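> fold the following for me, if possible:
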Amino acid sequence: MIAGDHAVAYLEVRPVHGIGELRPGDDLAGVVADHADLQDGDVVVVTSKIVSKIEGRLVVLDSDDPEERENARQAAIDAETVRVVARRGDLRIVQTRHGLVMAAAGVDASNVARDELALLPVDPDASARVLRDGLHDRLGVDVGVIVTDTMGRPWRHGLVDVAIGVAGLTAVTDPRGSVDSYGNTLDVTQVAVADEIAAAADLVKGKLSGIPVAVVRGLASAEGTLSDDGHGTRDLVRGAADDLFRMGTAEAMAVGREDVGWAGGSAPLLHADAVATVTGMAPDDGAPPAVREAFLGFLAARPDATWRSCVAGHLTASALVVDPHRQAVLLTLHPRVGHWLQLGGHCEPGDGTMLDAAAREAREESGIGSLSFDPGPLALDIHPVTCSLGVPTRHFDVQYLAVASPGAEPTRSEESLDLRWFGWDDLPSGVSPDLPRLVELARRRLP
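Residues are numbered from 1 along each chain as shown. This is a model prediction of the structure:
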């Protein structure tokens, strides 16, 4: 995040006319270049719908029957959902694989044919970078790009457009520590500039006008450049540790039951999922019978086995992240353990499943919002450790396999000393003793 004020003296927002209907494989950069008057420092704002169309993120049905379309929409929401945050009737507020919390996982039936549904782009930041690079190649201009989607807000009526993909500009400014005109120090102010630009651009795009692209001018410096921290939208997504409203009602009630020792006899959601997950694993190299039985015995003995407060040991979740070309793995140098490891950590309140926990940890530690997970665990591992609990304990680790999307760029978190890609056969010295086995299991499973 860049420090300083984000206000400018003058702003101009222009609709881009003549874009027309786009379909999978069309050249978005070429179409925008043909119809937009661009100069250095402009910000091109594009609805995610047209990005999804050209990238083929469409569900195409055999008919336009409304019931069949609704069934397909619900199935698509299931597939795009990592975690259900809240539900009322047919409405679901969910967390997507991008880390976004939104209604219906962004699955949209508007502005597409009656026999189609649109899904969000796989990696909106990468989509924004591709468009920015394409415009530079065609016109020689250095612009910012924002990919937008429409969201509701808690406690507010109405929808607004927000940024889900950013390239070439800073999404969040951070003037904390600055002093206002009255001498007060700003302590909490961070400004979601990319969201403000997205909302402003929608004033000329609208929802029914058929104008999916706008240009915002006036944000550049005197040199015609935009501030760019290179983070994309990563700073816009609030992490679980800072999210005061992370849990929906059902999750909060379940966590409350766990905190009082399963009052009422209801099994905690995460504990029950852990039992089902381990039970469902085949007794192969990744889950030898003795290890599976150790997991299940510990889960049966400890109702608090999924929480780090369980001193005897506790379940953790990790993910071996593989690059899009399936030639390298992403490893973190763990400050406490001192080894290169796969990404992972403790379960948190609000993790409904072990896969939820692994996905959350992988996103937070890699900075990659879009990861595709194999739904079944890759392996189980039990190892002694002194973790953040501060005393010797054991980690019962449920290990998953994930593949990064094309163009994904990892960003080291504060929980890591280093973060790098390593080739299958070029692992660094100082890896965890069990990591080569996990890598080999991943190579066998990948197509």
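
> from here on, contacts and neighbour counts on C-alpha atoms
Fine.

> now for the helix or strand where Arg363 lies, which elements pack on it?
Arg363 is located in helix 354-366, with elements delineated by DSSP states H and E. Applying 3 or more CA pairs under 8 Å, 6 or more residues apart in numbering; DSSP states H and E, we find helix 354-366 packed against strand 81-88, helix 269-279, strand 314-322, strand 343-346, strand 371-373, strand 392-404.

> with Gln39 as the reference, measure out to Leu270.
52 Å (CA to CA, to the nearest Å).

> got the CA coordinates for stretch 290-305 in PDB?
C-alpha atoms of stretch 290-305 as PDB (Å, rounded to 0.1, in the frame of the first residue of the first chain):
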ATOM      1  CA  ALA A 290      -1.400 -46.600  11.100                       C
ATOM      2  CA  VAL A 291      -1.500 -42.900  10.500                       C
ATOM      3  CA  ARG A 292      -5.200 -42.900   9.700                       C
ATOM      4  CA  GLU A 293      -6.000 -44.700  12.900                       C
ATOM      5  CA  ALA A 294      -3.800 -42.300  14.900                       C
ATOM      6  CA  PHE A 295      -5.800 -39.400  13.500                       C
ATOM      7  CA  LEU A 296      -9.100 -41.000  14.100                       C
ATOM      8  CA  GLY A 297      -8.200 -42.100  17.600                       C
ATOM      9  CA  PHE A 298      -7.000 -38.600  18.500                       C
ATOM     10  CA  LEU A 299     -10.200 -37.100  17.100                       C
ATOM     11  CA  ALA A 300     -12.300 -39.500  19.000                       C
ATOM     12  CA  ALA A 301     -10.500 -38.700  22.200                       C
ATOM     13  CA  ARG A 302     -10.400 -34.900  21.900                       C
ATOM     14  CA  PRO A 303     -13.400 -32.800  21.000                       C
ATOM     15  CA  ASP A 304     -11.100 -29.800  20.800                       C
ATOM     16  CA  ALA A 305      -8.600 -31.600  18.400                       C
END
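
> residues making contact with it?
Here stretch 290-305 makes contact (CA atoms under 8 Å, 6 or more residues apart in numbering) with 258, 261-262, 271, 275, 278-279, 283, 310, 313-315, 380-382, 396.

> just the buried members of those?
Using 16 or more other CA atoms under 10 Å as the burial test, the contacts of stretch 290-305 include 258, 262, 271, 275, 278, 310, 313-315, 380-382, 396 as buried.

> returning to what we had before: more neighbours, Leu270 and Gln39?
The neighbour count for Leu270 versus Gln39, taken as other CA atoms under 10 Å, is higher for Leu270 (27 against 15).

> these two touch, right, the more buried one and Asp356?
No. Using CA atoms under 8 Å, Leu270 makes no contact with Asp356, being 9.5 Å away.

> residue ranges with poor pLDDT in the stretch 151-300 of the chain?
Regions of the stretch 151-300 of the chain meeting the criterion pLDDT under 70 cover residues 188, 241, 244, 246-268.

> quick one on the thing from earlier: single out the most deeply packed of the helices and strands packed on helix 354-366.
Of all the helices and strands packed on helix 354-366, strand 314-322 has the most neighbours on average by mean count of other CA atoms under 10 Å, namely a mean of 27.
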